[in-house]
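>>> Give the three-dimensional model of this entry:
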Amino acid sequence: MKKIALFLGLLGLAGCGPKVPPDLPKCYPCQISVIQAGAPLVDAAVTLQSPEVGQRWFPMGTTDQTGTAVMFTNGRYPGAPAGVYKVLVFKGTSEPSRFGPSPPEDSPAYQTWLERTSHENLAEYIVVELQYNDAKQTPHEIEVKSKGKNEMTIDVGQAVKIRIP
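So this is what the prediction gives:
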């Protein structure tokens, strides 16, 4: 038993998290809050796009219940490299299933619900104006700096319902 505890302790010291690439620039904490129609926009994808051609490091996050997305570079390294970025926001949705909302994924009913709904052909929609997911059109920009707070709140206007073909 002591050998197992020692092994697990050494394993913890070695680290099990993602190995940081040697060429990843230093990243700084960054968060973006998104408002739509006067309320926090929940479950939206937020991406920071650099004007550089061939951008390698993409800060991104998903908004929580308060409409705030904490940025992770390439989805796994906390923060964002210093620089100027266009702020892109995307959120999609689909028609509700005729089998009702999804039960919790860890419940026994989830697998049955998933099997039933996988055969449905539900219409999908974009609910944020397309300009906010286009670096050439979005009015939102942030400069991530090494000092100070890298935070901003953006408004993406009224909700829309654009069908995805």
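
>>> Kindly report the domain assignment for the chain.
25-91+128-157, 92-126 (automatic domain parsing).

>>> Quick check: end-to-end length of the first one?
It refers to domain 25-91+128-157. End-to-end distance of domain 25-91+128-157 (Cα to Cα, to the nearest Å): 34 Å.

>>> Distance from that domain to the middle of the chain?
Chain-centre distance of domain 25-91+128-157: 9 Å, with Cα atoms, centre = their mean, to the nearest Å.

>>> now that domain: mean pLDDT?
Summarised as a single mean, pLDDT over domain 25-91+128-157 is 96.

>>> Export stretch 95-103 to PDB, keeping only CA atoms.
Extracted in PDB, the C-alpha atoms of stretch 95-103 (Å, rounded to 0.1, in the frame of the first residue of the first chain):
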ATOM      1  CA  GLU A  95     -34.900  22.700 -32.500                       C
ATOM      2  CA  PRO A  96     -35.900  20.900 -29.300                       C
ATOM      3  CA  SER A  97     -36.100  17.200 -29.500                       C
ATOM      4  CA  ARG A  98     -39.500  15.600 -29.600                       C
ATOM      5  CA  PHE A  99     -38.100  13.300 -26.900                       C
ATOM      6  CA  GLY A 100     -37.700  16.300 -24.500                       C
ATOM      7  CA  PRO A 101     -34.500  17.800 -23.100                       C
ATOM      8  CA  SER A 102     -31.400  15.800 -22.500                       C
ATOM      9  CA  PRO A 103     -31.200  14.100 -19.100                       C
END
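
>>> Would you mind listing the buried residues in stretch 50-68?
By neighbour count on 16 or more other Cβ atoms under 10 Å, the buried set for stretch 50-68 is S50, W57, F58, P59, M60, G61, T63, G67, T68. Where C-beta positions appear, they are placed from N, C-alpha and C, glycine not excepted.

>>> Ok, stretch 149-161 next?
Result for stretch 149-161 [16+ other Cβ under 10 Å]: buried residues N150, I154, V156.

>>> Which residues are in contact with the first one?
When you say that, I think you mean N150. Y28, P29, C30, Q31, A80, I142, V144 (Cβ atoms under 8 Å, 6 or more residues apart in numbering).

>>> Swap in 7 Å and give it another go.
Applying Cβ atoms under 7 Å, 6 or more residues apart in numbering to N150 gives the contacts Y28, P29, C30, A80, I142, V144.

>>> ok, now the last one?
For V156, the set of contacting residues under the criterion of Cβ under 7 Å, 6+ apart consists of V34, Q36, L41, V89, V128, E129, Y132.
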